[in-house]
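Chemist: predicted model and sequence follow; I will ask about them next.
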Amino acid sequence: MVQRTHLTGARVVLPDGVVDNGRVTVEGTRITAAGPATGPTGGPVAGPATGPAGGPAARPAAEPAAGPAADSAPGHADSGGGRAFDLAGDLAGEQALDLAGGWIVPGFVDLHVHGGGGASFSAGTPEEALTAIGTHRRHGTTTMLASTVTGDLDDLARQAAALSELVEQGELAGIHFEGPFISPHRCGAHQPSLLRAPDPADVRKLVDAARGTARMMTLAPELPGGLESVRLLADSGVLAAVGHTDSTYEATLEAVEAGATVATHLFNAMPSLLHRAPGPVAALLEDERITVELINDGTHLHPAVLGLAFHRAGADRVAFITDAMGAAGMSDGRYPLGPMEVEVKDGVARISDGPTAGSIAGSTLTLDRAFRRAVTIDGLGVEAAVRALSATPARVLGIADRVGSLEPGKDADLVVLDDDFRLRGVMRRGAWVVRPELS
């Protein structure tokens, strides 16, 4: 028995454009139709279902524990102008929610997040990880990698083993190792004493510790063993990301040829783009094989620099990320970031002590804020922002068949925004994480 829900009246962002007065139909955990708000025969979608006493039908139940998505079934054409998807099973009920004046966009996908809600993935405990996951879900991120921070290899292996269980349960899309194989000259918020060159044997140890759930590793390819490690990662099906690097333009090109496909928070923690020394920024921007991460919080990048990168790479090669640490969704104060201590003031996180004191330490960003900033401040189109927050990172992770766009047969992961692009609701796999308030 499944619940059928019609979300109507909003502008719906589909892969091929925006539909005014659109409709998204959800049955169980899947999207079964997306398009204009008309039924299979061209008439309007049925109005709100009613309960036994003639009142409104009950709202969906609270979000269940996330699990792996159900197997896909074939779709079929919808004569109402959208597309539809057949889902076997009896209906437990049907309702329509009028979201007039708002937007429905795909759930956000974050390739790079360290924590939130006062919790950190580097703690290596399910409790802290689930707190961080829940915080970002409430802000629209329905799919995310858990990013670690430089630490002792054995500690990182233990963290990976713990996080891998949450990947297997469907709570996370995988693990991203950021450090310890990064440059001491560009370490940012990573503990300098724990950095090391990327010995392929050490790289393999972390990948193996993740038990098949490692999805990405950031490293500095100019370090001894760097190119060999990039090849190892590529051969293992793990994304090799260039970041926290002091690499030259030429050395970065070598890393791309070796198999690197992602630029970790482009511009940050790498040499600047100079007219006689273009460095890694130019090499990563110009190569069509590279997807560039950008942190759109107004602190990490000047809007003109973000615009330069976005328009050079295009929305299909840009993934907006948070790089958020535990203070995301929290107030100012002091928070741990791996073995480091961070002070957050006016929403900006900086290392509080030691040789890297004052360095920006990740962000307190959530992706709903990144989306709104992209559209209202940076001047990006809604469709381009959707690609950078959903479709592109889903494609990078190899899961675009399940998430990243509003299409029949895909997971019912979506975000409801008002006409000012503020978050109103979040659905993940057909269940409301945040229910939209209806007028």
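Modeler: It's in.
Chemist: export stretch 199-217 as PDB, just CAs?
Modeler: Provided in PDB are the C-alpha atoms of stretch 199-217 (Å, rounded to 0.1, in the frame of the first residue of the first chain):
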ATOM      1  CA  ASP A 199      52.000   6.900  -0.500                       C
ATOM      2  CA  PRO A 200      49.800   4.600  -2.600                       C
ATOM      3  CA  ALA A 201      49.900   2.000   0.200                       C
ATOM      4  CA  ASP A 202      48.400   4.500   2.600                       C
ATOM      5  CA  VAL A 203      45.800   5.600   0.100                       C
ATOM      6  CA  ARG A 204      44.800   2.000  -0.400                       C
ATOM      7  CA  LYS A 205      44.500   1.500   3.300                       C
ATOM      8  CA  LEU A 206      41.900   4.200   3.600                       C
ATOM      9  CA  VAL A 207      40.000   3.100   0.500                       C
ATOM     10  CA  ASP A 208      39.900  -0.500   1.900                       C
ATOM     11  CA  ALA A 209      38.800   0.700   5.300                       C
ATOM     12  CA  ALA A 210      35.700   2.300   3.700                       C
ATOM     13  CA  ARG A 211      34.600  -1.200   2.500                       C
ATOM     14  CA  GLY A 212      33.500   0.000  -1.000                       C
ATOM     15  CA  THR A 213      31.900   3.200   0.200                       C
ATOM     16  CA  ALA A 214      34.800   5.600  -0.600                       C
ATOM     17  CA  ARG A 215      33.600   7.900  -3.300                       C
ATOM     18  CA  MET A 216      36.200  10.700  -3.400                       C
ATOM     19  CA  MET A 217      39.700  11.600  -2.100                       C
END
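Chemist: from the chain's centroid, how far away is it?
Modeler: Centre-to-centre, stretch 199-217 and its host chain are 21 Å apart (CA atoms, centre = their mean, to the nearest Å).
Chemist: can you tell me the centre-most residue of this structure?
Modeler: Of all residues in the chain, the one closest to the mean position by CA atoms, centre = their mean is D110, 1.3 Å from it.
Chemist: pLDDT score for that one?
Modeler: Looking at D110, its pLDDT stands at 98.
Chemist: how about the helices of the stretch 101-250 of the chain, start to end?
Modeler: Listed in chain order, the helices found in the stretch 101-250 of the chain under DSSP state H, counting those that start in this stretch are 126-137, 153-168, 200-209, 226-235, 249-258.
Chemist: output those as a markdown table; include the columns distance to T25 and mean neighbour count.
Modeler: (Each C-beta comes from the backbone N, C-alpha and C, glycine too.) Formatted as a markdown table, the helices of the stretch 101-250 of the chain follow (distance: least, CB to CB, whole Å; neighbours: other CB atoms under 10 Å):
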| stretch | distance to T25 | mean neighbour count |
| --- | --- | --- |
| helix 126-137 | 22 | 20 |
| helix 153-168 | 29 | 19 |
| helix 200-209 | 40 | 17 |
| helix 226-235 | 40 | 21 |
| helix 249-258 | 42 | 19 |
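Chemist: to S363, which of those lies closest?
Modeler: When the helices of the stretch 101-250 of the chain are ranked by proximity to S363, the top entry is helix 126-137, at 12.1 Å, counting by CB to CB.
Chemist: got the angle between the closest one and helix 153-168?
Modeler: In this structure, helix 126-137 runs at an angle of 60 degrees to helix 153-168, with axes from the mean of the first three to the mean of the last three CA atoms, to 10 degrees as the basis.
Chemist: give the rounded mean pLDDT of helix 126-137.
Modeler: For helix 126-137, the mean per-residue pLDDT is 98.
Chemist: and the residue lying closest to R435 once chain neighbours are set aside, what's its pLDDT?
Modeler: Spatially, and ignoring its direct neighbours in sequence, R435 is nearest to G425 (6.0 Å; CB to CB, 6 or more residues apart in numbering). Per-residue pLDDT puts G425 at 98.
Chemist: and the angle for whatever helix or strand G425 lives in with helix 126-137?
Modeler: Element membership for G425, per DSSP states H and E: strand 423-428. An angle of 130 degrees separates the directions of strand 423-428 and helix 126-137 when computed by the same axes, to 10 degrees.
Chemist: list the contacts of the residue nearest to A189 when sequence neighbours are not counted.
Modeler: In this structure, A189 finds its nearest non-sequential neighbour in A361, 3.7 Å apart by CB to CB, 6+ apart. The neighbourhood of A361, defined by CB atoms under 8 Å, 6 or more residues apart in numbering, consists of G188, A189, M325, L337, M340, V342, A349, R350, I351.
Chemist: what do you get for D246?
Modeler: Contact criterion CB under 8 Å, 6+ apart gives S183, H185, R186, A220, E222, M270, P271 as the residues in contact with D246.
Chemist: tell me the phi and psi of the nearest residue to the fifth one once chain neighbours are set aside?
Modeler: Yep, that's E222 we're talking about. Nearest-residue entry for E222: S247, 4.3 Å, with adjacent residues in sequence omitted and distances by CB to CB, 6+ apart. Here is the backbone geometry of S247 (degrees, to the nearest 10): phi -70, psi 160.
Chemist: can you report how many residues lie near S247?
Modeler: S247 is flanked by 25 other residues according to other CB atoms under 10 Å.
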